[in-house]
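Colleague: Any chance you could fold what I've pasted below:
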Amino acid sequence: MTIELNREAIAQVAALPAVAKAAEVGSGLIALWPLIEAMQMDNDAKYAENLQVRITRAFARILTGEDVTVPDAEFVYEGADEIPGRPQNIVDALLAANDAYDTMTGYAESGDAELIIDAANALGIDWDSETAESVKEAIAAVEAQVEADAEADGRLATSAEPADVAVRFATALAVCDALLGVVAGDAADTSGSADGVSVDDSADVADSVAASAAAKVLPILLYVNELREQCSVPRICLTDKQILDLIEARANTSGADSLAATAEFIAPLAQAEWDKHREDVLWNPDEAKRQAKEEDEKRNKEALAAKFAHIKDDPNKETVEL
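Modeller: Numbering: from 1, shown residues only. Now for the predicted structure:
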């Protein structure tokens, strides 16, 4: 499958209010670079670690269907291969998610489409051969067009101007939607069971089908994050529920414009993520401590004033001059 980046469609997506708002926030984040203060660089490194923990936790929740906790994800990110008192299948899913995440981090530099297949294998995602080949062909076509655009007229350059960020963001959204369409057909062929387990209850069947479909898109989400990085657009994170909701939102387009549905769904999440990222980078512990102290003093004064509000001054009391 060859993906053609339709400039008219991308321009329409870039002009969507939700995308424009996200691009405005993204612009403020991108403008901070290059970071030169040690504190900000350290904050950004911590944000990146936290982002991987959040993403791998979401992936493991989808892969297992179980309540994977933040401490679970943190322990495995820090190197644990077992967690006392926690199911081993949760740990194994987190290990697989981290392997896939680490595998895809090399894409922004190499542009190697084979990495997404390696990431899928790490996650235990079994795309059929036709789907895998279509994904690789699509990514190779995108890579060629990204490079051509960057050399030709800077559509995917590093400008922090909101309008430029919106175009790059819209381009990544278009690629994401197209690739989700590629794997969606493969994911739809679930025959009412997931991971080889037959399910009788209709609600369980629906849940297992949704989980199977969601699992098959996980490598796509990793790839698109790396494509954003390549195009100077910050990465984002979707929770497990948001991934399921994205799949449902696209399915509910009923043959209409799935790209618009994808963009409308992801853009507000990107806006919130980029706002958080900027706040994290600029966070200053001394300033935060000072503000917290001021807030505490303000609350104490207000509480004291409220406590004695019923006490009236005696108009006849003697004035004492100091």
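
Colleague: and residue 115, that's in a strand?
Modeller: No - Residue 115: not assigned to a strand; according to DSSP: H, G, I helix; E, B strand; the rest coil it is helix.

Colleague: Does it touch residue 105 like I think?
Modeller: No - using CB atoms under 8 Å, residue 115 is not in contact with residue 105; the gap is 9.0 Å. Glycine gets a C-beta too; all of them are placed from N, C-alpha and C.

Colleague: more crowded one of these two?
Modeller: Neighbour count, other CB atoms under 10 Å: between residue 115 and residue 105, residue 115 has more, with 22 against 16.

Colleague: which regions of this protein sit below the pLDDT cut-off?
Modeller: 1-3, 150, 152-157, 185-209, 254-256, 288, 291-292, 312-322 (pLDDT under 70).

Colleague: who are the neighbours in contact with residue 267?
Modeller: Counting by CB atoms under 8 Å, 6 or more residues apart in numbering, residue 267 makes contact with 16, 18, 19, 21, 22, 169, 173.

Colleague: okay, which residue is most central for this protein?
Modeller: For the chain, the residue sitting closest to the mean C-alpha position, by CA atoms, centre = their mean, is residue 237 at 1.5 Å.

Colleague: what about that one, which helix or strand?
Modeller: Following DSSP states H and E, there is no helix or strand that holds residue 237.

Colleague: What backbone torsions are found at it?
Modeller: Reported as degrees, to the nearest 10, the phi and psi values for residue 237 are phi -140, psi 130.

Colleague: that older thread, with secondary structure and distance to residue 121 added, can I get the contacts of residue 267 in a markdown table?
Modeller: What follows is the contacts of residue 267, written out as a markdown table (DSSP: H, G, I helix; E, B strand; the rest coil; distance: CB to CB, whole Å):
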| residue | secondary structure | distance to residue 121 |
| --- | --- | --- |
| 16 | coil | 35 |
| 18 | helix | 35 |
| 19 | helix | 33 |
| 21 | helix | 37 |
| 22 | helix | 32 |
| 169 | helix | 29 |
| 173 | helix | 26 |
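
Colleague: buried residues in stretch 233-249?
Modeller: Of all the residues in stretch 233-249, those buried under the rule 16 or more other CB atoms under 10 Å are 233-238, 240, 242-244, 246-247, 249.

Colleague: Find out how far it is from the centre of the chain, if you would.
Modeller: Offset of stretch 233-249 from its chain centre (CA atoms, centre = their mean, to the nearest Å): 6 Å.

Colleague: export that stretch as PDB, just CAs?
Modeller: The C-alpha trace of stretch 233-249 is given here as PDB (Å, rounded to 0.1, in the frame of the first residue of the first chain):
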ATOM      1  CA  VAL A 233       6.400  17.500  16.600                       C
ATOM      2  CA  PRO A 234       6.400  16.400  20.300                       C
ATOM      3  CA  ARG A 235       5.300  12.900  21.200                       C
ATOM      4  CA  ILE A 236       2.000  12.100  22.900                       C
ATOM      5  CA  CYS A 237       0.500   9.400  25.100                       C
ATOM      6  CA  LEU A 238      -2.900   7.700  24.900                       C
ATOM      7  CA  THR A 239      -4.300   5.700  27.800                       C
ATOM      8  CA  ASP A 240      -5.700   2.200  27.100                       C
ATOM      9  CA  LYS A 241      -9.200   3.600  27.300                       C
ATOM     10  CA  GLN A 242      -8.300   6.400  24.800                       C
ATOM     11  CA  ILE A 243      -6.900   3.900  22.400                       C
ATOM     12  CA  LEU A 244     -10.100   1.800  22.500                       C
ATOM     13  CA  ASP A 245     -12.100   5.000  22.100                       C
ATOM     14  CA  LEU A 246     -10.100   6.100  19.100                       C
ATOM     15  CA  ILE A 247     -10.700   2.800  17.400                       C
ATOM     16  CA  GLU A 248     -14.400   3.100  18.100                       C
ATOM     17  CA  ALA A 249     -14.500   6.700  16.900                       C
END
